[in-house]
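Engineer: Any chance you can model this:
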Amino acid sequence: KDESDAFALAGRGGGSLVASVYGEDRDFLVRAVAELGASHGRVLAVGHLFRFHPVMRELARVTAGRADRPRGIVGQFVNAARERVGRDAAHLEFLHLFDLVDALFGVEPDVVVGRPDGDLTRVSVRYPGPMTATFAMGWSDGEPRRRIELVYADGRVVADFIDNTVTLFGRRNQLERRVC
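Structural biologist: Sure thing, here's the model as predicted:
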């Protein structure tokens, strides 16, 4: 059968609290959310998570070769204020940064403290060991930002999901190499 049969079958179930759709094909996920949204209260499109993004795969490859964990993590998933739609959508951005850290290091936070700052939410996170993170999520003036920076004692690694780059910097902030 094809995807229209799958959507029809899911719709005959009468809906549920949440329908989950998995995949890496963005076009399919967009179609699935549109089709399933009519019969379900919410649709979680799992394949849209950035853990499946090519930049994340490269970041995972780069960090897998390290014996240490970063001492600091700075994450920004910030949308341009001019693109804001609705009030609650900013909270969806929370998922991405926590998921990226989980995918990279397999750790859950010990302490999470967040505070709203207008349409932006700033979050401080304490992970087990010497790892801390600061995340900014929501809307702000300027261009969208989707990046995570891992700060190590001997340099940093910056993954930018908009520019599709992973860049390594040395101890004195000199560019060592761009890997994608």
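Engineer: Check which helix or strand residue 98 maps to.
Structural biologist: Assigning secondary structure by DSSP states H and E places residue 98 in helix 92-105.
Engineer: Could you name the helices and strands sitting against that helix?
Structural biologist: If you count contacts as 3 or more CB pairs under 8 Å, 6 or more residues apart in numbering; DSSP states H and E, helix 92-105 packs onto helix 54-64, strand 72-80, strand 120-126, strand 132-140, strand 145-152. C-beta coordinates here come from the backbone N, C-alpha and C atoms, glycine included.
Engineer: switch to 6 Å and redo it
Structural biologist: Based on contacts counted as 3 or more CB pairs under 6 Å, 6 or more residues apart in numbering; DSSP states H and E, the elements that helix 92-105 packs against are strand 72-80, strand 132-140.
Engineer: how about a markdown table for the ones you listed, with mean neighbour count added?
Structural biologist: What follows is the helices and strands packed on helix 92-105, written out as a markdown table (neighbours: other CB atoms under 10 Å):
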| stretch | mean neighbour count |
| --- | --- |
| strand 72-80 | 20 |
| strand 132-140 | 20 |
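Engineer: Let's have these in JSON lines, adding mean pLDDT and distance to residue 21.
Structural biologist: Below are these laid out as JSON lines (pLDDT from 0 to 100; distance: least, CB to CB, whole Å):
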{"stretch": "strand 72-80", "mean pLDDT": "91", "distance to residue 21": "21"}
{"stretch": "strand 132-140", "mean pLDDT": "90", "distance to residue 21": "23"}
